[in-house]
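In: based on what follows, work out the 3D shape:
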Amino acid sequence: MLYDRDNKEKRPLMHYTPLYEALDPGEVEGRCNLSFDPEKSEFKLRFMHRAYRIGYPRFYAKPEEESGMFSPLEEMPAAQLLVMRYLIEGRYVEPEGRFLTFGEVPWGAVYVPTFNGRCIKRLAFTFGNRIEDFKRAMESIGARPLEHGDASYEFELLDGLKLQFILWQGDDEFPPSSQILFSDNFPMAFTAEDMAVTGDVTIGTLKAIANQLGK
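Out: Numbers count the residues shown, from 1 in each chain. A predicted model of the protein is given here:
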């Protein structure tokens with residue numbers, strides 16, 4: 001069940017729940033390139049490389065397998081709403097192989113200062129001096145290492161929707177820095193505002209996993 005602790009989360013929940021309940025599962029299958037199990041009345045999708053079952057018409061998210069690791073679709077209201085919005089409004093198209101900065105996506109320039117503060121700087125200061133923790137968290141979700149910066153990885157938010165996180169470690173002269181890139185099909189799946197939430201959710205998930213692995 002979606003979490004409605006306060007008005008910040010309750011208002012979107014109240015708005016999107018009837019829209020979700022009114023969906024045609026077959027139309028969602030084709031538009032979002034995922035499968036629906038009519039017997040169990042569940043969509044099947046992968047979120048950050050982990051398989052989930054998504055209930056319909058009552059929204060819930062359950063992992064296919066329990067792993068003991070942090071589960072964003074069970075623990076994070078923002079992640080739940082992000083998936084709900086994707087199923088209601090998003091569209092999957094095949095990527096062309098390019099990666100975009102946030103400022104390059106439609107309307108992204110409007111939100112760049114917010115995205116830089118909420119996501120770029122947060123990623124840098126969360127992991128810029130914890131490179132090994134970053135690597136362990138990324139490898140635990142099956143992310144693919146890249147050769148950019150001091151540490152970088154590519155991973156999927158949802159199947160076919162890819163992110164690249166790049167870190168440069170800080171030193172005595174310069175603070176840590178980072179970059180977040182989106183596969184070129186992201187703008188068809190999410191608005192710029194939702195893509196900023198994507199940064200929040202993925203960084204929060206990696207931080208929670210890193211803390212678990214560090215215990």
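In: could you use CA atoms for every contact and neighbour count after this?
Out: Noted.
In: distance from whichever strand or helix holds Phe182 to the middle of the chain?
Out: Assessed by DSSP states H and E, Phe182 sits inside strand 177-183. Mean C-alpha position of strand 177-183 versus that of the full chain (Cα atoms, centre = their mean, to the nearest Å) differs by 13 Å.
In: next one: stretch 15-30
Out: Counting by Cα atoms, centre = their mean, stretch 15-30 comes out at 20 Å from the chain centroid.
In: same check on stretch 188-196?
Out: On the basis of Cα atoms, centre = their mean, stretch 188-196 sits 10 Å off its chain's mean C-alpha point.
In: buried residues in it?
Out: Across stretch 188-196, burial judged by 16 or more other Cα atoms under 10 Å covers 188-192, 194-196.
In: ok, back up a step: what sits up against the strand holding Phe182?
Out: 95, 97-102, 120-121, 123-125, 128, 161-170 (Cα atoms under 8 Å, 6 or more residues apart in numbering).
In: output that strand as CSV, restricted to C-alpha atoms.
Out: Provided in CSV are the C-alpha atoms of strand 177-183 (Å, rounded to 0.1, in the frame of the first residue of the first chain):
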residue,chain,number,x,y,z
SER,A,177,31.9,16.2,-7.9
SER,A,178,29.6,14.0,-9.9
GLN,A,179,27.4,13.7,-13.0
ILE,A,180,24.2,11.9,-13.7
LEU,A,181,23.3,11.0,-17.3
PHE,A,182,20.0,9.6,-18.6
SER,A,183,19.5,7.2,-21.6
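In: can you give me the strands for the chain?
Out: With DSSP state E as the criterion, the chain has strands at 35-37, 42-47, 50-55, 61-63, 99-100, 144-145, 151-158, 161-168, 177-183.
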